[in-house]
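Asker: Predicted model and sequence follow; I will ask about them next.
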Amino acid sequence: MGSLTEKEILTAIEAATRAPSVHNTQPWLFLPGAEGIEVHADLSRRLAAIDPQGRAMHISLGAAVLNLRIALANGGHSECTLLLPDPDDPRHVATVRAEGRRSVGLEERELFVAIGRRHSNRGPFDNIRPPGPDLERLAAAAELEGAMLHFADPAERDALLGLVRTAETRRRRDSAYRAELLAWTTDDPYREDGLPLEAVGPWSEMAAMPIRDFAPEREIPGRQTVRFEWEPVVATLSVHGGDGPKQWLRAGQALQRVLLEATRRGLAASLFSQLLEDPELLGLIRGGEHRMSVQMVLRVGYAPLAPASPRRSLEEVIVRGRPVPLKPPKLT
Ligand SMILES: Cc1cc2nc3c(=O)[nH]c(=O)nc-3n(C[C@H](O)[C@H](O)[C@H](O)COP(=O)(O)O)c2cc1C
């Protein structure tokens, strides 16, 4: 790596930690070294109930990898990213290397700024459809990362949201799922992971919008039932070439590029991954022309700013030297 200063390394890792992650588990560790910045999965943070395969964990890690890449690009470095570079260690999910200098364009700068401004938004969006060219730019962002963002037409959208709703209803019957939600939502202002109660959002009138309810068993003062937008703009993000860790890492990078592009354009977004956790329901949307290997369902629109969720400090996520420690689960 050589050419990255300590300050640049810390800036890049700080940016990586801003990535979205399933239940805000932040399942990452970073090893800065001569080869570049290595990204490792912290397996103790994988969600056993909803993510036995590790799909959501890898998508989260992919999003962190994209942030590292954007940070390096913003620092004037061209970068080269290797996914799963060590066949003997599947925890080592990526190495992002700085290779030479490049000029920094306005787009890189804006995407970098968007990293800190992006937050998941679980509230209602305005009843104003984003302009077509903006949605096209989101699709182009996915394409840049080898993925496809498909905006559903009204009939597809209603069918998709119906499946998400079914997935959400099924999930809630599962006591292990509910226990995981309880463990990963928190009213502790000092906690550095999990969802703070302010980020849970309101209930949707008539359960029309199947936002994941992160607090079905918690009392949140002032939580209201509100009407969501009438014509939600919903898209699926798909990747080609199978359905395993490498594809999930690609999907995570594409997802994050889409989310940053959305933020840059003043658009809010929320994710629905309940469907991805239900193999039977997921099977129903696989195989269509535009729905090969769907890895995420998302909603975009205009909305007031959503609250930020906390992040672990750099000391918690940076590992100097080997081996990568296996940390015990931090579930309370
Ligand atoms: C793989 C993955 C799955 C997610 N699934 C959902 C979901 O089903 N519902 C939801 O509201 N948010 C979902 N999120 C968003 C996370 O909850 C969110 O990123 C995390 O709490 C951190 O908050 P932030 O995005 O505001 O920084 C998901 C994020 C990732 C990366």
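Answerer: Ah, there it is.
Asker: tell me the average confidence for stretch 258-266?
Answerer: Averaged across stretch 258-266, pLDDT comes to 98.
Asker: can you list contacts of that stretch?
Answerer: 20, 63, 66, 70, 110-111, 113-115, 117-118, 130, 134, 137-138, 141-142, 149, 237, 268-269, 298, 300, 302 (Cβ atoms under 8 Å, 6 or more residues apart in numbering). Just so you know, the C-beta spots here come from the backbone N, C-alpha and C atoms, and that holds for glycine as well.
Asker: Of those, grab the buried ones for ChimeraX.
Answerer: Buried residues within the contacts of stretch 258-266, by 16 or more other Cβ atoms under 10 Å, are selected in ChimeraX with:
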select :20,63,66,70,111,114,115,118,130,134,137,138,141,142,149,237,268,269,298,300
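Asker: Just the ones in strands from the contacts of stretch 258-266, please.
Answerer: 149, 237, 268, 269, 298, 300 (DSSP state E).
Asker: Quick one: name the residues of this structure near the ligand.
Answerer: Counting by Cβ under 6 Å from any ligand atom, the positions of the chain adjacent to the ligand are 20-24, 56, 59-60, 63, 119-120, 122, 195, 211-212, 270-274, 309.
Asker: quick one, helices of this structure?
Answerer: 6-17, 55-74, 106-117, 132-144, 154-172, 175-184, 245-264, 279-285, 314-317 (DSSP state H).
Asker: most neighbours per residue, which of those helices?
Answerer: Ranked by mean neighbour count, these are led by helix 55-74 with a mean of 27 (mean count of other Cβ atoms under 10 Å).
Asker: now for that one, which elements pack on it?
Answerer: Contacting helix 55-74 under the criterion 3 or more Cβ pairs under 8 Å, 6 or more residues apart in numbering; DSSP states H and E are the following elements: helix 6-17, strand 28-33, strand 36-41, strand 77-83, strand 92-101, helix 106-117, helix 245-264, strand 294-301.
Asker: Could you check how far the last one is from the centre of its chain?
Answerer: It stands for strand 294-301. 10 Å (Cα atoms, centre = their mean, to the nearest Å).
Asker: quick one: it to helix 55-74, angle?
Answerer: 60 degrees (axes from the mean of the first three to the mean of the last three Cα atoms, to 10 degrees).
Asker: Parallel or antiparallel, list what pairs with strand 294-301.
Answerer: For strand 294-301, sheet partners with direction are given as strand 233-239 (antiparallel), strand 268-272 (antiparallel), following DSSP bridges.
Asker: Tell me how many other residues crowd residue 27.
Answerer: 25 (other Cβ atoms under 10 Å).
Asker: Isn't it up against residue 39?
Answerer: No - if you go by Cβ atoms under 8 Å, residue 27 and residue 39 don't touch, sitting 10.3 Å apart.
Asker: Which residues are in contact with the residue of the chain found nearest the ligand?
Answerer: Using Cβ to the nearest ligand atom, residue 20 is the residue of the chain that sits closest to the ligand, at 2.8 Å. Neighbouring residues of residue 20 by Cβ under 8 Å, 6+ apart: 60, 63, 118, 120, 255, 256, 259, 271.
Asker: Tell me who's in contact with residue 145.
Answerer: 66, 250, 253, 254, 257.
Asker: measure the first one to residue 102 for me?
Answerer: When you say that, I think you mean residue 66. Separation of residue 66 from residue 102 (Cβ to Cβ, to the nearest Å): 17 Å.
Asker: Could you do the second one as well?
Answerer: From residue 250 over to residue 102 the distance is 22 Å, taken as Cβ to Cβ.
Asker: Next: the last one.
Answerer: Here the distance between residue 257 and residue 102 works out to 18 Å (Cβ to Cβ).
Asker: Leaving out sequence neighbours, find the closest residue to residue 284.
Answerer: residue 163 (6.5 Å; Cβ to Cβ, 6 or more residues apart in numbering).
Asker: now residue 117
Answerer: Nearest non-adjacent residue to residue 117 (Cβ to Cβ, 6+ apart): residue 263, at 5.4 Å.
Asker: State the number of residues packed around the nearest residue to residue 41 once chain neighbours are set aside.
Answerer: Leaving aside its sequence neighbours, residue 41 sits nearest to residue 91 (Cβ to Cβ, 6+ apart; 4.7 Å). Neighbour count of residue 91, defined by other Cβ under 10 Å: 17.
Asker: what's the answer for residue 189, then?
Answerer: Look at residue 189: counted by other Cβ under 10 Å, it has 7 neighbours.
Asker: quick one, what contacts it?
Answerer: residue 196.
Asker: mind checking pLDDT for it?
Answerer: So residue 189 comes in at 95 (pLDDT).
Asker: Over to residue 151?
Answerer: Confidence score, pLDDT, at residue 151: 97.
Asker: Just give me the neighbour total for the spatially closest residue to it that is not a sequence neighbour.
Answerer: The shortest distance from residue 151 to any non-neighbouring residue, by Cβ to Cβ, 6+ apart, is to residue 235 (4.7 Å). Counted with other Cβ under 10 Å, the neighbours of residue 235 add up to 23.
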